[in-house]
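# Sharing a model prediction with you, sequence too.
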Amino acid sequence: MLNLSPRNYQKAIFETAKKKNTLAVLPTGVGKTLIAIMLAHHRIKEHPAKKILVLAPTKPLVEQHLNSFKSQTHELYADVQMFTGAINAQARKKLWNTSDIIISTPQCVANDLRNYLYDLKDTSLLIIDEAHRCLKNYDYNFIAKQYKQQAENQLILGLTASPGHEKQIIEQICKNLNVEEVEMRTRESADVRPYLQNLEFNKIEVPFPEEFAQIRNLLKSIYEKKIEQLKSRNLLFGPVNKVTLLQLQKKLSAQAHSGNFNILIGLSLSAQAIKISHAVELLETQTLSGFKDYLDNLTKQAKEKKSKGVQTIVNSVEFQTSLLLLKKLQENKTEHPKIEELKTLIESEFQNNEKAKIIVFSQYRETANTISKKLNGLNNVKAKIFIGQAKKTLSSNGEKSGLSQKEQKQIIDQFRNNEINVLCATSIGEEGLDIPEVSAVYFYEPIPSAIRKIQRTGRTARLQPGKLTILITKDTRDVAHHYASTAREKKMYRAISDIKSDLKNKTKTLDDFK
């Protein structure tokens, strides 16, 4: 029934997964789905009257898995169906009763279980893709809990490129999925390396211009005043960063109903500090046009008197001076130095290989949009933005602020068919989607997350040699973020190794007890 040629590491992980609940940690693009298909077929043979449930976080990923499973499953052998919100609940109930393999977003199945449309009693295998999401109140956890309570013949397989770098978080994922064994492979694993191509890594540093630094100093003086005021009110202690400010804001918001004057002032100060911190981040790491949009938006809010805190920021001498300095830079058509550096690098890519396919990752939509426009001015470059779905119809400059799933699919098809050759992507391009092999991946800025770094990197050097280039602005948070993601990736591998040992010792202890 199956016409598969699994690689040695896929066979090894499959052998583990058919006996124990397993978390498989594998780089993007090395065939996690094939392991899932092999395991599904094994369970159907072992429990022919039972069902397989495959979960993936988004509709495009569900469709991708559907195509993969259908291509490997004879229609007389197993009925494979897809559940999404587009199929009404009663239709899903009927399909559940007649299907062998159900591939769904977690929201659909979770809602159906809450409404008692069906149960998981006859489900012999639960496969969870992007298993690093198995935390807190995400629907994966609700379904896993129901499965552990209801299913008669239980087996769970979790799949991820990276479960995070904190040992206690990985342990929580394992606990939520009743994981008994962790199978981890990296690009450098002996049984994986022969199947992957060489990955060339480049770190490109660009200077932070003096004119930019002048604006940063002005904004930082506003920021430091807000921090000092928070500390003098005994609301903030110790080292401060964006995370600690967001935590403080959440804490103060929960107490605001008391009407305590100190709390209300603190809430305003923390909001102002967060806004200035974000402005500095845009200036240091993104584009000057994006930075200008943000300051213009704050100015607009102040004029409309939407917030006294924003009015305080905008009316300050430092903010007004920043606007004047920014205006001079804009008049000189100045952009962030990373933009020019990226243009030079991409131009060189296409001079060396006119058939190159490239993904440029950036944190913000405005940045992706600016990069796309700048790159389309180069010879041979056909770039398009690849961003998430719109939360609102239009952005401040009148352009679309998001893409529907249909538009996202069209862009991937255009990329596959060589109608475009550069994707300017935000985080939507990181997780799971079936984006074709690319010859080079560029990070417009480093990201501190190990999960996201691993997912981005996995887009290249699979079937052909690839290149990873990270742009870093000197003397900015780019530098700290780069070293943070590298350290966290190493920490993740150590944590997983520790957890593997812990699980083995636990099993050994149980065996000894028996």
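Great, that's in hand.

# C-alpha from now on. contacts and neighbour counts both.
Noted.

# Assign residue 87 to helix, strand or coil.
coil (DSSP: H, G, I helix; E, B strand; the rest coil).

# Over to the one 5 residues further on?
Remark: residue 92 carries the secondary structure label helix [criterion: three-state DSSP].

# my guess is it meets residue 85, correct?
No: judged on CA atoms under 8 Å, residue 92 makes no contact with residue 85 at a distance of 9.6 Å.

# Between the two, which has more neighbouring residues?
Neighbour count, other CA atoms under 10 Å: between residue 92 and residue 85, residue 92 has more, with 21 against 13.

# Tell me which residues touch that one, please.
Shown in contact with residue 92 (CA atoms under 8 Å, 6 or more residues apart in numbering): residue 83.

# Against residue 60, how distant is it?
Separation of residue 92 from residue 60 (CA to CA, to the nearest Å) stands at 18 Å.

# what do you get for residue 354?
Separation of residue 354 from residue 60 (CA to CA): 30 Å.

# higher neighbour count, those two?
Set side by side, residue 354 and residue 60 show more neighbours around residue 60, with 18 against 13, by other CA under 10 Å.

# what comes into contact with stretch 14-31?
With CA under 8 Å, 6+ apart, stretch 14-31 has contacts from 10, 13, 32, 35, 38-39, 42-43, 155-163, 174, 177-187, 432, 454-455, 458-459, 462.

# Just the buried ones out of those, please.
Among the contacts of stretch 14-31, the ones that count as buried by 16 or more other CA atoms under 10 Å are 10, 13, 32, 35, 38-39, 43, 155-163, 174, 177-187, 432, 454-455, 458-459, 462.

# mind listing what residue 359 touches?
Applying CA under 8 Å, 6+ apart, we find residue 359 in contact with 422-425, 438, 440-442.

# from the chain's centre, how far out does whichever strand or helix holds it sit?
Assigning secondary structure by DSSP states H and E places residue 359 in strand 358-361. Strand 358-361 sits 15 Å away from the centroid of its parent chain (CA atoms, centre = their mean, to the nearest Å).

# And stretch 355-372, how far out from the chain middle?
On CA atoms, centre = their mean, the centre of stretch 355-372 falls 15 Å from that of its chain.

# swap in stretch 167-181?
Centroid separation between stretch 167-181 and its chain, computed with CA atoms, centre = their mean, is 20 Å.

# Stretch 97-105 too?
Using CA atoms, centre = their mean, the offset of stretch 97-105 from its chain centre is 27 Å.

# The stretch 151-300 of the chain: strands as residue ranges?
With DSSP state E, counting those that start in this stretch, the ranges of strands along the stretch 151-300 of the chain come out as 156-160, 181-184, 199-206.

# for these, which one sits closest to residue 330?
Each of those has some distance to residue 330 by CA to CA; the shortest is strand 199-206, at 19.6 Å.

# Within its sheet, name the partner strands of that closest one and how each one runs.
When pairing is defined by DSSP bridges, strand 199-206 lines up against strand 466-473 (parallel).

# Is the residue nearest to residue 182 when sequence neighbours are not counted within a helix or a strand, and which one?
Leaving aside its sequence neighbours, residue 182 sits nearest to residue 23 (CA to CA, 6 or more residues apart in numbering; 4.8 Å). Taking DSSP H and E as the definition, residue 23 sits inside strand 22-25.

# Export that strand to CSV, keeping only CA atoms.
Provided in CSV are the C-alpha atoms of strand 22-25 (Å, rounded to 0.1, in the frame of the first residue of the first chain):
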residue,chain,number,x,y,z
THR,A,22,7.2,10.3,21.2
LEU,A,23,8.2,13.9,20.7
ALA,A,24,10.2,14.1,17.5
VAL,A,25,12.4,17.2,17.2
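
# After it, which helix or strand is next? Please name it.
Sequence-wise, the next helix or strand downstream of strand 22-25 (DSSP H and E) is helix 32-46.

# Okay, angle between that following helix and strand 156-160 too, please.
Using axes from the mean of the first three to the mean of the last three CA atoms, to 10 degrees, one finds that helix 32-46 and strand 156-160 are set 170 degrees apart in direction.

# got the contact list for the following helix or strand past helix 32-46?
Helices and strands here follow DSSP H and E; after helix 32-46, the next one along the chain is strand 51-55. Applying CA under 8 Å, 6+ apart, the contact partners of strand 51-55 are 40, 44, 62, 99-106, 122-129, 140.

# And stretch 405-422, by the same measure?
The contact list for stretch 405-422 (CA under 8 Å, 6+ apart) reads 60, 356-360, 381-384, 386-387, 389, 423, 435-436.
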